[in-house]
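*Asks:* Below is the sequence, then the predicted model.
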Amino acid sequence: MRAIPIAVTALVAALTLTACSDGGGSDGGGSDTKATASATDAAAATACEIGQVGLEVGPASEAPAAGDTGIVPFTITNSGDQCTLEGFPVIALNAGESSATVAGDEAAQPEKLTLAKDDTATFTITYVRGDAADAKSLDAKTVKISLPGASATKDFPWSYGPVAGKTEASDPDASVSPFQHAGD
């Protein structure tokens, strides 16, 4: 009969000790070491560069007529060492001799993303299609993209029609989303 109370007491003591070790404090265990290693890894990551990532466009949801809204998604795949994306991509719409910068979505809250090799992220350009005959529309032919903290750029053809201007062609009725992890 005495073996049962001793076994129960030992079990309760073991459970109590396990419950006290929640990993939240400095208990000399690995939890603080792991947090420090993660912070060190994130700090060591450099800004993603166009040359080390694959950048793909589409498929787009093109605005069919003037006044309609279209969405052009982009996917970034890291093919190099770990790197970070923070904020918004830098987007310029070019129409020959004139161009316009696309602002970041004011309602969005960008986060810092760390991409390991083969990780992917996305962003989208949302635009209002303009009328080619309207002087406030930008008849864009290419979109130039650069990543924050990096200087290299990549151009893509813009085949989604003219972009409406808010007040003039150099102020496009368009926005770009912040970077988001793709997948899960």
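*Replies:* Nice, I can see it.
*Asks:* so residue 53 touches residue 74, yeah?
*Replies:* No: assessed by CB atoms under 8 Å, residue 53 is found out of contact with residue 74, at 10.7 Å. (Glycine included, C-beta is placed from N, CA and C.)
*Asks:* residues touching residue 139, list them.
*Replies:* For residue 139, the contacting residues are 95, 132, 162, by CB atoms under 8 Å, 6 or more residues apart in numbering.
*Asks:* tell me the helices in this protein, going along the chain?
*Replies:* 3-20, 30-44 (DSSP state H).
*Asks:* Ranked by average pLDDT, which of these falls at the bottom?
*Replies:* Lowest mean pLDDT of the helices of the chain: helix 3-20, a mean of 38.
*Asks:* In stretch 87-94, which residues are buried?
*Replies:* Neighbour counts over stretch 87-94 (16 or more other CB atoms under 10 Å) mark 88, 89, 90, 91, 92, 93, 94 as buried.
*Asks:* Spatially, which two of the residues you listed are the most separated?
*Replies:* Farthest pair in the buried residues of stretch 87-94 (CB to CB) is 88 and 94. Separation: 18.2 Å.
*Asks:* give the contact list for the closest residue to residue 59 other than its chain neighbours.
*Replies:* In space, and not counting its chain neighbours, residue 59 is closest to residue 73: 7.6 Å by CB to CB, 6 or more residues apart in numbering. Shown in contact with residue 73 (CB under 8 Å, 6+ apart): 57, 58, 59, 60, 122, 123, 124.
*Asks:* So in terms of bridging, what pairs with residue 73?
*Replies:* When bridges are called by DSSP bridges, residue 73 pairs up with residue 124.
*Asks:* how close does it get to residue 55?
*Replies:* 11 Å (CB to CB, to the nearest Å).
*Asks:* now do residue 141
*Replies:* On the measure of CB to CB, residue 141 and residue 55 end up 18 Å apart.
*Asks:* And for residue 67?
*Replies:* 29 Å.
*Asks:* ok, now residue 144?
*Replies:* 12 Å.
*Asks:* rewinding a little: check pLDDT for the contacts of residue 139 and point me to the minimum.
*Replies:* Among these, residue 132 has the weakest pLDDT, 89.
*Asks:* you'd agree it is up against residue 162?
*Replies:* Yes: between residue 132 and residue 162 there is a contact under CB under 8 Å: 5.0 Å.
*Asks:* Looking at the two, which one has more neighbours?
*Replies:* Between residue 132 and residue 162, counted using other CB atoms under 10 Å, residue 162 has the larger neighbour count: 25 against 10.
*Asks:* if I pick that one, what's in contact with it?
*Replies:* Per CB under 8 Å, 6+ apart, neighbours of residue 162: 66, 129, 130, 131, 132, 134, 137, 138, 139, 140.
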